[in-house]
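> any chance you can model this:
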Amino acid sequence: MELRPTLQLKAVIKAMTDVVLPALDPKNQLAQEQANLCIRTLQILLSRLPLSFAFDRDELGRLIELAQDLADASAKHSTVAEEIAALSEAAAKGSDVLDRARAVPSELETASFELRAKIGELIPALYNEVELEDLSKVSRLVTENAREQLARDRSWLIGQGWEPDAEAIPAIETLIGE
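Predicted coordinates:
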């Protein structure tokens, strides 16, 4: 099971290229064409995935600018005052979202990887130095965190069909919080 979309996409592209496409009847031009189209689409998704957050931030920033410019240009027209107010409110909300979207996804991923590594370094050091009673607490903390993360991982990948009782797995939206 792999959670990261970039690795999932690479695996699907490889399966399509190495297994599915060669297995298709070469005389079936439509199937060949559609399989190649699927592969190319997945390759585009893979290449654009790292840019999608920046693309969305850029679009939101441009729309906020346009909204402000339109509100300024339309301010003297009292017949559209209600629409301008609604637009200004939406632009203010958009500005708040944009302000909060400063960290890029790769920074979040890197921070998580770094924390995992540092936690991994701390645990053996603790086991060399700490009393058994304190180690029990450390063990409970790590086990509970792993249990919660595994539930999220399983829920994230529920659509792959690996779970024998998929209905027993909570929806990912309920597990990841806000």
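> what about residue 49, which helix or strand?
Assessed by DSSP states H and E, residue 49 sits inside helix 29-74.
> give the other helices and strands that that helix contacts.
On a contact count with 3 or more C-beta pairs under 8 Å, 6 or more residues apart in numbering; DSSP states H and E, helix 29-74 meets helix 5-15, helix 21-23, helix 81-100, helix 105-129. Any C-beta I mention is one placed from the backbone N, CA and C, and that applies to glycine too.
> got the buried residues for the helix or strand following the longest one?
Yep, that's helix 105-129 we're talking about. Using DSSP H and E, the helix or strand that directly follows helix 105-129 along the chain is helix 132-156. For helix 132-156, the neighbour count (16 or more other C-beta atoms under 10 Å) marks 154-155 as buried.
> helix 132-156 packs against which elements?
helix 105-129, helix 172-175.
> which residues touch residue 33?
Going by C-beta atoms under 8 Å, 6 or more residues apart in numbering, residue 33 touches no other residue.
> what's the pLDDT at it?
We have a pLDDT of 96 for residue 33.
> going forward, count from 4.
Got it, first residue is 4 now, which makes that one residue 36.
> how far is stretch 84-103 from where the chain is centred?
Relative to its chain's centre, stretch 84-103 lies at 25 Å (C-alpha atoms, centre = their mean, to the nearest Å).
> what of stretch 153-171?
With C-alpha atoms, centre = their mean, you get 17 Å for stretch 153-171.
> what does that stretch contact?
Outside stretch 153-171, the residues that reach it (C-beta under 8 Å, 6+ apart) are 4, 6, 172-175, 178-179.
> can you select the buried ones among these for me in ChimeraX?
Buried residues among those (16+ other C-beta under 10 Å), as a ChimeraX selection:
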select :178
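> can I get the contacts of stretch 153-171 in CSV with pLDDT and distance to residue 33?
Below are those laid out as CSV (pLDDT from 0 to 100; distance: C-beta to C-beta, whole Å):
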residue, pLDDT, distance to residue 33
4, 58, 33
6, 77, 34
172, 94, 37
173, 93, 41
174, 91, 37
175, 90, 36
178, 91, 41
179, 87, 40
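> next, count neighbours for residue 116.
The number of residues packed around residue 116, counting by other C-beta atoms under 10 Å, is 10.
> then residue 57?
Using other C-beta under 10 Å, residue 57 has 12 neighbouring residues.
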